[in-house]
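Novice: The following comprises the amino acid sequence and a computationally predicted model.
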Amino acid sequence: MRKIAVIGSGYVGLVTGTCLAEFGMQVTCVDRNIDKIAALNQGKLPIYEPGLDQLVEKNNHYKRLEFTTDIKTAVEKSEVIFIAVGTPAKDDGGADVKSVLQVAEDIAKYINGYKVIVTKSTVPVGTGQKVKQIIRDILFSKNNHSNFDVVSNPEFLREGSAIQDFFKPDRIVLGVESKMAEKVMREVYSVPDGHGIPFIITNLETAEMIKYAANAFLAIKITYINEVANLCEKVGADVKIVAVGMGMDHRIGPKFLQPGPGYGGSCFPKDTKALAKTGRDNSVPLTLVEQTIIANEIQKHRMIEKINSIMDNLKGKTLGVLGITFKPETDDMREAPSLVILEGLVQKGAYIKVYDPAGEKEGKWRFNHIKDHLVFCHNAYDAIKEADAILILTDWPQFKQLNLNDIKNQMRGNYFFDFRNIFERHVIEAKGFQYYCVGR
Ligand SMILES: NC(=O)c1ccc[n+]([C@@H]2O[C@H](COP(=O)([O-])OP(=O)(O)OC[C@H]3O[C@@H](n4cnc5c(N)ncnc54)[C@H](O)[C@@H]3O)[C@@H](O)[C@H]2O)c1
Ligand SMILES: O=c1ccn([C@@H]2O[C@H](COP(=O)(O)OP(=O)(O)O[C@H]3O[C@H](CO)[C@@H](O)[C@H](O)[C@H]3O)[C@@H](O)[C@H]2O)c(=O)[nH]1
């Protein structure tokens, strides 16, 4: 079995490392964040991802998975080195790949034999070649004749279902430049290979492009249904049925047609911006992607205006908000629509009481600037107590189980904003609420 190092132990690195250990590989997860590694070594996970804690514990117990800040030792003893550090958006929209290039330098310093260096981070086209050049230059300067290959292996997992997505991906994309690198990577992924998961073997540039093209397409699909939903509201159509009707066409498919307050997360917002920037840099404007970015911002602000106009002035009004993470089953709040929406509501004079099953820790610092108008509650019932309105921003499944009678009795007002369309209008209205959703 191959010895593997994964540099960067965030959502992707930790899931990748743990799942590769579960495949039977010997994995060392590296991070420069000392607190993160210390926590992992004490059996504490720095993130919330369903099922990950048990898998980490199991593979740690069987000594297939270890955590360290020592990149030197990890590189020296590994044959395959994954780079899984962050690539956040820069001010101009481009992806900031400085951590990826920094890790490439670090790896090059310690190469002591043939290594396959795999970019798992989402990186703009051309980054794999830059990684290769950096390593080549450093090896040359040190008179180090070690051989190496660079591979692009973009990751398609979703937060909240990351482990399942890693074990059963729709495809595994490998951008390779040598038969040897392909052979090594096929060995690393021999378990999914054995389960019939298709592989796409291509060059570095195509692999890097597939990742951005896929994410931007999904963002466009969501944005399209959001705009259709907005129109449905005006003309008396029901977007849920429209989406079912569209999705039955196999060429369209039913997934990613759920309207809402706009897409968020650590990927779609930054990856659409990065792809648009690559287009501009190459004088090939990606007008659909550019427009999607704008439309998604408009969608979030539309939610604020909708609440404000229905409640007719938000000054002094209290909203009980259920869900602030960008999607359910995660504690991640990067680019969550709630960030824009709650700030907008507070600017209009509203008070906010929040409950989120996993988002409180991150939410507390993200909303620190509006903390005079926003409190965190320990459960959904506390959040809606004495509120004028209930506002659902994340479709956590447990919100569907709430006792609507109790909620109605404890609230001061009767506005019910369900911006994830998790309830049916007649059910909510039967309890005496005024129901507002998206596109129905
Ligand atoms: N989060 C997702 O669902 C997802 C899915 C697919 C792809 N991706 C991509 O994967 C990459 C990582 O995303 P993430 O969400 O895991 O990020 P993250 O911020 O959760 O984790 C990145 C980790 O890398 C560490 N790091 C940064 N620089 C380092 C260095 N020089 N040496 C060692 N460690 C370093 C950080 O301390 C952090 O722990 C990004 O490019 C992202 O676009 C993310
Ligand atoms: O029909 C839908 C589907 C999603 N969303 C929103 O879109 C965002 C992203 O959701 P999702 O794609 O499920 O989560 P991510 O974990 O961000 O995963 C995306 O981004 C990852 C990082 O690149 C990729 O690996 C995944 O394939 C890609 O789905 C969230 O705000 C969702 O609420 C909708 O509004 N409607």
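Specialist: Structure received. Ligands and ions are numbered 1, 2, ... in the order given.

Novice: Test my guess that residue 74 contacts residue 28.
Specialist: Yes. With contacts counted by C-beta atoms under 8 Å, residue 74 reaches residue 28, the gap being 4.4 Å. Heads up, the C-betas are built off the backbone N, CA and C, glycines and all.

Novice: what touches both of the two?
Specialist: Taking C-beta atoms under 8 Å, 6 or more residues apart in numbering as the contact rule, residue 74 and residue 28 both touch 5, 68.

Novice: quick one, domains of the chain?
Specialist: Domains of the chain are assigned by the TED database as 3-202, 229-437.

Novice: Including distance to ligand 1 and mean neighbour count, could these go into CSV?
Specialist: As requested, the domains of the chain are exported to CSV (distance: least, C-beta to the nearest ligand atom, whole Å; neighbours: other C-beta atoms under 10 Å):
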stretch, distance to ligand 1, mean neighbour count
domain 3-202, 2, 19
domain 229-437, 5, 18
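
Novice: who in the stretch 251-400 of the chain is up against ligand 2?
Specialist: 256, 257, 258, 260, 263, 264, 265, 267, 268, 271, 326, 327 (C-beta under 6 Å from any ligand atom).

Novice: The helix or strand containing residue 193: what's the following helix or strand?
Specialist: Per DSSP states H and E, residue 193 falls inside helix 190-194. Scanning forward in sequence from helix 190-194 by DSSP H and E, the next helix or strand is strand 199-202.

Novice: List the neighbours of the helix or strand of the chain with the lowest mean pLDDT that are in contact with it.
Specialist: Here the helix or strand of the chain ranked lowest by mean pLDDT, DSSP states H and E is helix 190-194, holding a mean of 91. Defining contact as C-beta under 8 Å, 6+ apart, one finds that helix 190-194 is touched by 23, 24, 167, 168, 169, 172, 186, 199.

Novice: quick one, what contacts the fourth one?
Specialist: Looking back up the chat, that one is residue 168. Residue 168 makes contacts with 192, 195, 197, as judged by C-beta under 8 Å, 6+ apart.

Novice: wouldn't the last one be in contact with residue 173 here?
Specialist: No. When contacts are counted by C-beta under 8 Å, residue 197 is not listed as touching residue 173 (11.0 Å).

Novice: The stretch 151-300 of the chain: helices as residue ranges?
Specialist: For the stretch 151-300 of the chain, the helices defined by DSSP state H, counting those that start in this stretch cover 162-167, 179-188, 190-194, 204-235, 239-247, 268-281, 287-311.

Novice: weakest of these by average pLDDT?
Specialist: With a mean of 91, helix 190-194 has the lowest mean pLDDT of the helices of the stretch 151-300 of the chain.

Novice: if we can go back for a sec, let me have the domains of the chain in CSV, extended by distance to residue 221.
Specialist: Below are the domains of the chain laid out as CSV (distance: least, C-beta to C-beta, whole Å):
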stretch, distance to residue 221
domain 3-202, 14
domain 229-437, 5
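
Novice: Of all those domains, which one is nearest residue 215?
Specialist: Nearest of those to residue 215, taken as C-beta to C-beta: domain 229-437 at 4.3 Å.

Novice: Start and end of the closest one, how far apart?
Specialist: 10 Å (C-alpha to C-alpha, to the nearest Å).
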